[in-house]
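# I need the structure of the sequence given here:
(chains A, B, C and D)
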Number of protein chains: 2
Amino acid sequence: MATPEPAPDHDPVAYQRLPALRPRPGKERGTVMRDVAKLAGVSHQTVSRVINEHPNVRAETRERVLAAMRSLNYRRNLAARTLATRESHTLGIIGFETTLFGPESMLYGIESAARAAGYLVSVATVRELTHRTVLEAVDRLAQHDVDGIIAIAPKPAVTTALTHAPGGLICVAVGGSGAGSDPFPRVRVDNDTGARLVTRHLLDLGHATVHHVAGPPDWPEAQSRVDGWRETLYEAGAVVPAVSAGWWDAAAGYEQGRRLAADPDVTAIFCANDRIALGVLRALHEAGRRVPDEVSVAGFDDMPDSGYFLPPLTTVHQDFAEMGRRALALLLRHMGRADGETPPEDVVVAPRLITRASSAPPPGSRRSRQ
Amino acid sequence: MATPEPAPDHDPVAYQRLPALRPRPGKERGTVMRDVAKLAGVSHQTVSRVINEHPNVRAETRERVLAAMRSLNYRRNLAARTLATRESHTLGIIGFETTLFGPESMLYGIESAARAAGYLVSVATVRELTHRTVLEAVDRLAQHDVDGIIAIAPKPAVTTALTHAPGGLICVAVGGSGAGSDPFPRVRVDNDTGARLVTRHLLDLGHATVHHVAGPPDWPEAQSRVDGWRETLYEAGAVVPAVSAGWWDAAAGYEQGRRLAADPDVTAIFCANDRIALGVLRALHEAGRRVPDEVSVAGFDDMPDSGYFLPPLTTVHQDFAEMGRRALALLLRHMGRADGETPPEDVVVAPRLITRASSAPPPGSRRSRQ
DNA sequence: TGGCCATTTGTGAACGGTAACAGTTTCGGG
DNA sequence: CCCGAAACTGTTACCGTTCACAAATGGCCA
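Just a heads-up that it's a prediction; the model follows:
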């Protein structure tokens, strides 16, 4: 009965002698490389070569290993790989914990691009954008061995904090307005040009000048929009009205809008974003000033539903998801090189004017009478 | 010449014999436990005890170790810890890659609560909610050793896919409407009650009946709102009009709204969310039907700016950030127990009616004349 | 047939922590 | 003063992968 040779698993190596892998309480062990190697009759190193697509593996061997992997439903342990290679295949995103439209949609753009490139995305948000909070976020991500960081960085506090990131951690900023002195690359929209497009559009319609409801003064993006608006007016020889500013929401727009609505000379208002524009529209409506017949209104962002405002909003489109994708591409490119190889070039995304019913010639103009 | 005993540094242990730690190309080694141990004159295990706050360490020793850690700016390597303990201190979130208001704000709630609990959050999004895509997302998170998963799960495809998650991975669903047969806990808003609140509100104002513009038919949340609406009408003895449905955006609302605007019998419209309501408002406006004088409109969600619609929108508030926090708390509670210990209880969040200017008594009613 | 090089495979030692156990103090009490 | 328990600390062996190097295999040509 007993075969002459007990055939104790004809394995080439003595894996049997290894002590039984101790199972942790609560978690059963999954199959590991050794299990696959044993089943395929090869060494663990060969299995490693197969999953890493190393060229020097005989086709027949590779097949046997792959079959073993399939039959055992093997998944490689990324923690072990991270430990050995110092690459986690995880990217960090530093976000701003507020429901602003832009940052959110960027996340999806980044994540899907990261997934395609074989990376997982971890998120660290900060409640307020200060040097300290951003540093804590960087630290948290660094501890988890992220290979790179994309910081949604609308304010300078973020970028200055990033310069203190641990060495070797590649960072890319997205959003904001490049001060030109960043130590790392940035993807941003050309806010200045966007503001010029709208302002020019309103002037071309025949308005004597354009009023502006700005975003928070300490946000460079808001400042760039102010600059683009102001310079366009200046170049056109138009009066430059005083700027009123507030937060990025409809409440701020409403508040400033009430003031503007009371001034009969106001015929065109450029708002720093669509939410502000919504508040302005409401203020004008309450004051009985019709849009666009008496006053034209324009926004910035092109939020998904701004085409359904009353009236549909003229605005400047920025493709946040695309910016996310570009930021990821930029990050990967810089990660591929040795540190400091490539200069911190910026990617500037062009905005696009979307004209809708909220902008029209001013009352009494020739064109409006036709 | 050769001294009999080379007196190799009077260190208690023979760390000198260990080969120099090889630096990886491109990445310099950080300080590790051994460095701290050496500086503090203790073993690496004692350092480990200190960072893990093990009680049995002499106060004086602990201080020495802490001082060494500070002076070397030591950070522990989480990959190594994960490998040893099988706990990554990372949680996974499965999200839906679309700019829907709810899911986004939940993310922030989850992340900040996770941070407080010492966890990092990794995100896997899916472009469409199918069994396969969700499984891929789970797999990706599982490979990265997440300790638990929160799935933003508005459709059943998500939950059925989750049942195939690898053993030992604790899952919690958030959103959707519990079918009652889920194998794991869920945090959700009581959509049925929310719909009843609005419908009842409109009926109480004197409307003969309430029309409904629904969300996608295959979304249980949309269905629950339909049910709550329908039953309230039924109980009140009101006519139950046909339901029109579409996507969750303003375009859908506009399309359905045009149809409803053409029907002079329509005096009250309950929309499945605020964005749909925005589209309906526009359609009514274009048709010359005044809100709320001729037609009342209500929404669902209480988006940040819905108080600035024209007119300000009556709606049902749901606190997404709070739901995110609750989901996290639920997940942590289940992770603390052995699997299957606690029954998959659900957390149901109560919605709140927010009455604003878009709802009023129907034209010709006694109350509206006063 | 033998030798040399290229290809393929195996061995042992990292990677940086934690777990288990063993050894060394310290201290109170008989 | 000695003994045992409790408190503290050190030693060794893992966790599951990759890397560096060594060994075996095979092909080709002299």
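# what's near enough to touch A:Asp147?
A:87-91, A:119, A:170, A:335 (CB atoms under 8 Å, 6 or more residues apart in numbering or on different chains). All C-beta atoms are positioned from the backbone trio N, CA, C, and that covers glycine.
# buried stuff in stretch A:274-290?
By neighbour count on 16 or more other CB atoms under 10 Å in any protein chain shown, the buried set for stretch A:274-290 is A:274-285, A:289.
# and the pLDDT at A:Ala14?
With respect to pLDDT, A:Ala14 scores 30.
# any idea where the helices of the stretch 101-250 of chain A begin and end?
A:101-116, A:131-143, A:156-162, A:191-204, A:220-235, A:250-261 (DSSP state H, counting those that start in this stretch).
# let's have these in CSV, adding distance to DNA strand C, mean pLDDT and mean neighbour count.
Formatted as CSV, these follow (distance: least, CB to the nearest atom of the strand, whole Å; pLDDT from 0 to 100; neighbours: other CB atoms under 10 Å in any protein chain shown):
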stretch, distance to DNA strand C, mean pLDDT, mean neighbour count
helix A:101-116, 25, 84, 22
helix A:131-143, 10, 91, 19
helix A:156-162, 23, 80, 21
helix A:191-204, 43, 97, 22
helix A:220-235, 38, 96, 20
helix A:250-261, 47, 97, 22
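# my read: A:His212 touches A:Val240, true?
No - checked against CB atoms under 8 Å, the pair A:His212 and A:Val240 is beyond contact range at 9.1 Å.
# more neighbours: these two, which one.
A:His212 (28 against 15; other CB atoms under 10 Å in any protein chain shown).
# in the stretch 1-150 of chain A, what spans have low per-residue confidence?
Within the stretch 1-150 of chain A, the stretches with pLDDT under 70 are A:1-29, A:98-99, A:101-103.
# I figured A:Ala142 hits B:Arg75, correct?
Yes - taking contacts as CB under 8 Å, A:Ala142 lies within contact range of B:Arg75: 7.3 Å.
# so A:Phe270, which state does it fall into?
A:Phe270 carries the three-state label strand when classified by DSSP: H, G, I helix; E, B strand; the rest coil.
# list the contacts of it.
Contacts of A:Phe270 (CB under 8 Å, 6+ apart): A:195, A:198-199, A:202, A:210-213, A:229, A:298, A:300.
# redo those residues as a markdown table? Include distance to A:Glu104.
Listed next are these as a markdown table, based on distance: CB to CB, whole Å:
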| residue | distance to A:Glu104 |
| --- | --- |
| A:Ala195 | 23 |
| A:Val198 | 23 |
| A:Thr199 | 27 |
| A:Leu202 | 29 |
| A:Val210 | 29 |
| A:His211 | 29 |
| A:His212 | 25 |
| A:Val213 | 22 |
| A:Trp229 | 26 |
| A:Ala298 | 23 |
| A:Phe300 | 16 |
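# just the residues you listed now: which is nearest DNA strand D?
Relative to DNA strand D, the closest of these is A:Phe300; by CB to the nearest atom of the strand it sits at 46.9 Å.
# how far away is that closest one from A:Arg132?
Using CB to CB, to the nearest Å, A:Phe300 is found at 30 Å from A:Arg132.
# grab the nearest non-local neighbour of A:Val266.
Nearest residue to A:Val266, sequence neighbours excluded (CB to CB, 6 or more residues apart in numbering or on different chains): A:Leu260, at 4.9 Å.
# and the closest residue to A:Arg352 other than its chain neighbours, its phi and psi?
Leaving aside its sequence neighbours, A:Arg352 sits nearest to A:His317 (CB to CB, 6+ apart; 4.5 Å). Main-chain torsions, A:His317, degrees, to the nearest 10: phi -80, psi 130.
# who touches A:His317 in this structure?
Contacts of A:His317 by CB under 8 Å, 6+ apart are A:301-302, A:351-354.
# drop anything exposed from those.
By 16+ other CB under 10 Å, the contacts of A:His317 give A:301-302, A:351, A:353-354 as buried.
# give me the residue at the spatial middle of chain A.
Closest to where the C-alpha atoms of chain A average out (CA atoms, centre = their mean) is A:Met106, at 3.5 Å.
# right, and that one touches A:Arg325 too?
No - between A:Met106 and A:Arg325 there is no contact under CB under 8 Å: 9.1 Å.
# output the contacting helices and strands for the one helix or strand A:Val280 maps to.
Using DSSP states H and E, A:Val280 sits within helix A:274-286. Other helices and strands packing on helix A:274-286, by 3 or more CB pairs under 8 Å, 6 or more residues apart in numbering or on different chains; DSSP states H and E, are helix A:250-261, strand A:268-271, strand A:296-298.
# what angle do helix A:274-286 and the longest one make with each other?
It refers to helix A:250-261. With axes from the mean of the first three to the mean of the last three CA atoms, to 10 degrees applied, the angle from helix A:250-261 to helix A:274-286 works out at 40 degrees.
# contact partners of helix A:250-261?
Counting by CB under 8 Å, 6+ apart, A:211, A:213, A:244-246, A:266, A:269, A:271, A:275-284, A:286-287, A:289, A:295, B:304-305, B:307-308 sit against helix A:250-261.
# can you list phi and psi of A:Lys38 for me?
phi -60, psi -50.
# now do it against A:Gln45, distance only.
For A:Lys38, the distance to A:Gln45 - CB to CB - is 13 Å.
# and those two? Which one has more around it.
Remark: of A:Lys38 and A:Gln45, A:Lys38 carries more neighbours, 20 against 11, as counted by other CB under 10 Å.
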